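**Student:** no sequence for this one, just the structure:
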């Protein structure tokens, strides 16, 4: 069990550091640029990741998904909307991942194999243990794509 928890913790920490590294290569004048009116900018992607990081931690800590999805999404939306700078996004993301690592420390062997009821049905608890890292890795790809849109063809890692 410790191996599973430790791997989830290591991956979440690495994914956060990698996301922040790639974000650091976004020029200040491109932070709010997006390729289309409905597409997210780098700052919006960072805010999204920061807002959700605390949400994932709350599910891991509680061991359940809130009965009302709005109880999960409402605080996340408020956190996302509160972010106006990269430094705010980074601070919130770092706190969310710290909370995630602490929540993972409380996971029991029984929880790892358990299912959690969500609006989409039964979801393996392991999904919630791994989603903090997976979420950041996927959104790092979005930052990479945005960078290619403005001509940055260098791989940042």
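**Tutor:** Okay, I see it. Bear in mind the structure is a predicted one, so any value in this text is a computation, not a measurement.
**Student:** now the helix or strand harbouring residue 88: average pLDDT?
**Tutor:** Using DSSP states H and E, residue 88 falls within helix 86-104. The average pLDDT for helix 86-104 rounds to 98.
**Student:** distance between that helix and the chain's centre?
**Tutor:** Relative to the chain's own centre, helix 86-104 is displaced by 9 Å; criterion: Cα atoms, centre = their mean, to the nearest Å.
**Student:** buried ones in the helix or strand following that helix, by neighbour count?
**Tutor:** As assigned by DSSP H and E, the chain's next helix or strand after helix 86-104 is helix 109-112. Under the neighbour-count criterion of 16 or more other Cβ atoms under 10 Å, helix 109-112 has residue 111 buried. In this view, the C-beta of every residue, glycine as well, is placed from N, C-alpha and C.
**Student:** neighbouring contacts of helix 109-112?
**Tutor:** For helix 109-112, contacts defined as Cβ atoms under 8 Å, 6 or more residues apart in numbering pick out 1, 4-5, 63, 125-126, 129.
**Student:** let's see it at 6 Å
**Tutor:** 1, 4, 63, 125-126 (Cβ atoms under 6 Å, 6 or more residues apart in numbering).
**Student:** buried subset of those residues?
**Tutor:** Of the contacts of helix 109-112, these count as buried by 16+ other Cβ under 10 Å: 4, 63, 125-126.
**Student:** for those residues, work out which two are farthest apart.
**Tutor:** The span of the buried ones among the contacts of helix 109-112, defined through Cβ to Cβ, is set by 4 and 63 at 15.4 Å.
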